[in-house]
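**Student:** model the structure of this input:
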Amino acid sequence: MKKQFNRMKQLANQTVGRAEKTEVLSDDLLQIERRMEVVRVVSHNTHKRMVTCLQGHVGADAEKRHSVPRLYTGNGQKKLPLTALSQAMVDGGGQLGEDSLIGKMMEVCGEAENRLASELMHHELQVEKDCLDPLNQLAEVDIPNILKQRKQLAKLVLDYDSARARWLQATKSIISGTNTQALTVKADLLKEEMDESMNKVEMCKDQLAADMYNFYSKEGDYACYYVMLLEAQADYHRKSLTVLENVLPTIQAQQAPGLSRRPARITRSAPLPR
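**Tutor:** Model prediction:
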């Protein structure tokens, strides 16, 4: 409680300019500190927007994303829409029967949609692993932990400045005071407190500087998260295209001979004269 009071008193004195403030971080570290806060904000915003692009429930395993044929379950977990579409098409084809061309095509196309849903499921799991989880770790854990250390250092510096101010005041009292021996003992105790505070400041500063420089050295790794997103998207689209290219010839071969693959376009007749 006393330490907290001394901190508040010292901070108030520094705010109004009645006390000196010890600066312990170099200009380079101060610049890294500002950069970290910006990286934290943009990483958080990107993570949030990236999550909205996913069709599955973030954090759910493959079975929960894909195997249940409903779009939503009772617990509110979102399923892949392609899975629901696939199941609806397969069910519809079963109702129409194999003798129906529509039913047969619905079953074959429904199975293709199911394979597309599987590719999407694996793609989103890969995006979570390579992009979402690292971004969340950076924005919500790694950088906040370093900034928390920075706040702790600021408190330790206040303790040191407070102890130093009280030690300086005690040394001045020795000169003008009468009970020199008692004032000297008090000054010595305050000197020990000041030295101990400085040791804590140095230890915290060294650890903070190491963590800040470590963050700065990994900016290239952080940038790779965004490249890996594009790589995952490219791989997903290639695999989805392969699914379609493999199934379309089979579907076309199963269509009734002579039956047009597309409905004929309806042409408008000339308007009747009024």
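
**Student:** need the next SSE after the longest helix belonging to the chain, C-terminal direction.
**Tutor:** In the chain, taking DSSP state H as the definition, the longest helix is helix 180-217. Scanning forward in sequence from helix 180-217 by DSSP states H and E, the next helix or strand is helix 219-254.

**Student:** gap between that following helix and the chain center?
**Tutor:** 24 Å (CA atoms, centre = their mean, to the nearest Å).

**Student:** what angle separates it from helix 180-217?
**Tutor:** Taking axes from the mean of the first three to the mean of the last three CA atoms, to 10 degrees, one finds helix 219-254 and helix 180-217 inclined to each other by 30 degrees.

**Student:** what mean pLDDT does helix 219-254 get?
**Tutor:** The average pLDDT within helix 219-254 is 93.

**Student:** can you name every helix or strand that that helix contacts?
**Tutor:** With contacts defined as 3 or more CB pairs under 8 Å, 6 or more residues apart in numbering; DSSP states H and E, helix 219-254 has these neighbours: helix 27-53, helix 101-127, helix 133-137. Placement of C-beta: from N, CA and C, glycine included.

**Student:** and Gly92, how far from Ala253?
**Tutor:** Note on Gly92: its distance to Ala253, by CB to CB, to the nearest Å, is 22 Å.

**Student:** show me which of these two is the more surrounded one.
**Tutor:** When neighbours are counted by other CB atoms under 10 Å, Gly92 comes out ahead of the other of Gly92 and Ala253, with 14 against 7.

**Student:** contacts only, for the more buried one.
**Tutor:** For Gly92, the contact set (CB atoms under 8 Å, 6 or more residues apart in numbering) comprises Gly103, Met106, Gly110.

**Student:** could you do Glu111 as well?
**Tutor:** Applying CB under 8 Å, 6+ apart, we find Glu111 in contact with Ser86, Val90, Val247.

**Student:** so which of those is the most crowded?
**Tutor:** Taking other CB under 10 Å as the neighbour criterion, Ser86 ranks highest of the contacts of Glu111 with 23 neighbours.

**Student:** from Val51, how far off is that one?
**Tutor:** Distance from Ser86 to Val51, counting by CB to CB: 24 Å.

**Student:** and what of Gln233?
**Tutor:** For Gln233, the distance to Val51 - CB to CB - is 15 Å.

**Student:** picking that back up, so for Arg150, which of the helices and strands packed on helix 219-254 sits nearest?
**Tutor:** Counting by CB to CB, Arg150 lies closest to helix 27-53 out of the helices and strands packed on helix 219-254; the figure is 6.4 Å.

**Student:** show me what counts as buried in the closest one.
**Tutor:** Neighbour counts over helix 27-53 (16 or more other CB atoms under 10 Å) mark Leu29, Ile32, Glu33, Met36, Val39, Arg40, Ser43, His44, Thr46, His47, Met50 as buried.

**Student:** number of residues surrounding Ala210?
**Tutor:** Residues near Ala210, counting by other CB under 10 Å: 10.

**Student:** oh, I was asking about Ala165
**Tutor:** For Ala165, the count of nearby residues is 20 (other CB under 10 Å).

**Student:** with the one 3 residues further on instead?
**Tutor:** Under the neighbour criterion other CB under 10 Å, Leu168 is assigned a count of 14.

**Student:** can you tell me the SS state at it?
**Tutor:** With DSSP: H, G, I helix; E, B strand; the rest coil as the basis, Leu168 sits in helix.

**Student:** would you mind giving me the confidence score for it?
**Tutor:** So Leu168 comes in at 85 (pLDDT).
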